[in-house]
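Peer 1: 3D model of this:
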Amino acid sequence: MNKYKKTEIGLIPEDWDLKRIDEIGDVITGSTPSTKIKEYYGGEIDFIAPIDLDKQKYILNVKKK
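Peer 2: Next up is the predicted model:
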């Protein structure tokens, strides 16, 4: 039977640890298409940027699509 512990993001298995993404790997950004080319934006594909990775559990909204 699994035991759980309460953390800032909710319940997790007792033998897990919370880590920030930058603690387990390198955070490398790609290049987002130029915002000057309007047809690249306003569609359905999310451009997830560091600003979207606040201290939330899930990414529900992004600044750019």
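
Peer 1: for Lys5, see how far away the spatially closest residue to Thr7 that is not a sequence neighbour is.
Peer 2: Nearest residue to Thr7, sequence neighbours excluded (CB to CB, 6 or more residues apart in numbering): Leu18, at 5.6 Å. To be clear about C-beta, it is placed using only N, CA and C from the backbone, and glycine gets the same treatment. Distance, Leu18 to Lys5, by CB to CB, to the nearest Å: 10 Å.

Peer 1: show me whatever sits in contact with both of those two.
Peer 2: Any residue near both Leu18 and Lys5 by CB atoms under 8 Å, 6 or more residues apart in numbering counts here, and that gives Ile12.

Peer 1: pLDDT at the residue nearest to Thr7, what is it?
Peer 2: Predicted confidence (pLDDT) for Leu18: 91.

Peer 1: just checking, it touches Leu11?
Peer 2: No. Counting by CB atoms under 8 Å, Leu11 is not a contact partner of Leu18; they are 11.8 Å apart.

Peer 1: and for the nearest residue to Phe47 once chain neighbours are set aside, the neighbour number?
Peer 2: Counting by CB to CB, 6+ apart, Lys64 is the residue found nearest to Phe47 once chain neighbours are left out, at 4.3 Å. Using other CB atoms under 10 Å, Lys64 has 16 other residues around it.

Peer 1: can you check Lys3 too?
Peer 2: 8.
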